[in-house]
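Peer 1: take this sequence and fold it.
(2 chains)
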Amino acid sequence: SQQGEEDPQALSIQEGENATMNCSYKTSINNLQWYRQNSGRGLVHLILIRSNEREKHSGRLRVTLDTSKKSSSLLITASRAADTASYFCATRGSTLGRLYFGRGTQLTVWP
Amino acid sequence: DVKVTQSSRYLVKRTGEKVFLECVQDMDHENMFWYRQDPGLGLRLIYFSYDVKMKEKGDIPEGYSVSREKKERFSLILESASTNQTSMYLCASSSPFRTGELFFGEGSRLTVL
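Peer 2: Coordinates of the predicted model:
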């Protein structure tokens, strides 16, 4: 399967702490993307990192990519209660824009 | 901003009924996708389409069909709904000429009784 796998499945932290989620995948990729999903809603694209990039930042988000280990991590700094959501990694190979999603990490940030 | 609109947020249908889930996008995207999402299983691709009247099976196409008569509209059809098709259905679109970023609708939660 080309599906990515997030780790941990669930993460519970206090406001102000950093949250780190990991993603592993199996095949070569064109890029890797992270999405967020609030409960009962659609997914929203957060950040994308290309296969030739190692690190990328966007606001409080930091994504790293290690293609030799086929893994990525998403760091959310100074978490807020509003960051409570599920986070998914998705990999893009070459098939007409198709993405392969992991099962997600459920992040809970307590006030 | 890209907008992907799914026609119904919540549906309740009976076993054996024919169900139509409609999805419309307003950004002239070539690619459109239908996923289903179940607890513990993540997102699984049912069908996708990369052009009008074109369709490709995803990972779990059994029990489903799709229609893409116009570029902006991608319909998912359950010919004879079954209880194991109770799920959240997510439509998405993307442009193949960019990075493949997906734009999702809000989802349609289908319950089959």
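Peer 1: doesn't residue B:105 make contact with residue A:44?
Peer 2: No: taking contacts as C-beta atoms under 8 Å, residue A:44 lies outside contact range of residue B:105: 11.2 Å. For glycine as for every other residue, the C-beta is placed from the backbone atoms N, C-alpha and C.
Peer 1: looking at these two, which has the bigger crowd around it?
Peer 2: residue B:105 (24 against 13; other C-beta atoms under 10 Å in any protein chain shown).
Peer 1: which stretches of the chain have low pLDDT?
Peer 2: Since you didn't name a chain, this refers to chain A. Judged by pLDDT under 70, chain A has its weakly predicted residues at A:1-3, A:94-97.
Peer 1: my question was about chain B, not that one.
Peer 2: The model of chain B has pLDDT under 70 over residues B:1-2, B:98.
Peer 1: strands along that one, start to end?
Peer 2: B:4-6, B:10-13, B:19-25, B:31-38, B:42-49, B:56-57, B:65-70, B:73-78, B:87-94, B:103-104, B:108-112 (DSSP state E).
Peer 1: where does chain B come near chain A, residue by residue?
Peer 2: B:4, B:31, B:33, B:35, B:40-43, B:45, B:48, B:50, B:56, B:88, B:90, B:92, B:94-96, B:99-107, B:109 (C-beta under 8 Å from any C-beta of the partner chain).
Peer 1: which of these are buried, as a ChimeraX select command?
Peer 2: Those of the residues of chain B next to chain A that count as buried under 16 or more other C-beta atoms under 10 Å in any protein chain shown are selected in ChimeraX with:
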select /B:4,31,33,35,42,43,45,48,50,88,90,92,94,95,100,101,102,103,104,105,107,109
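Peer 1: what does chain A put close to chain B?
Peer 2: Going by C-beta under 8 Å from any C-beta, the residues of chain A near chain B are A:3, A:30-31, A:33, A:35, A:40-45, A:48, A:50, A:88, A:90, A:92, A:96-99, A:101-104.
Peer 1: try 6 Å this time
Peer 2: By C-beta under 6 Å from any C-beta of the partner chain, the part of chain A that sits against chain B consists of A:31, A:41, A:42, A:43, A:45, A:48, A:92, A:96, A:97, A:101, A:103, A:104.
Peer 1: can you name the two of these that sit furthest apart?
Peer 2: A:41 and A:96 (26.2 Å; C-beta to C-beta).
Peer 1: wait, residue B:81 touches residue B:111, no?
Peer 2: No: counting by C-beta atoms under 6 Å, residue B:81 sits too far from residue B:111 to count as a contact (9.8 Å).
Peer 1: of these two, who's got more company?
Peer 2: residue B:81 (21 against 13).
Peer 1: pop out the phi and psi values for the more buried one.
Peer 2: phi -60, psi 140 (degrees, to the nearest 10).
Peer 1: list the contacts for the closest residue to it other than its chain neighbours?
Peer 2: With sequence-adjacent residues excluded and distances taken as C-beta to C-beta, 6 or more residues apart in numbering or on different chains, residue B:81 is closest to residue B:112, at 4.6 Å. By C-beta atoms under 6 Å, 6 or more residues apart in numbering or on different chains, the contact set of residue B:112 is B:13, B:81, B:83, B:85, B:86.
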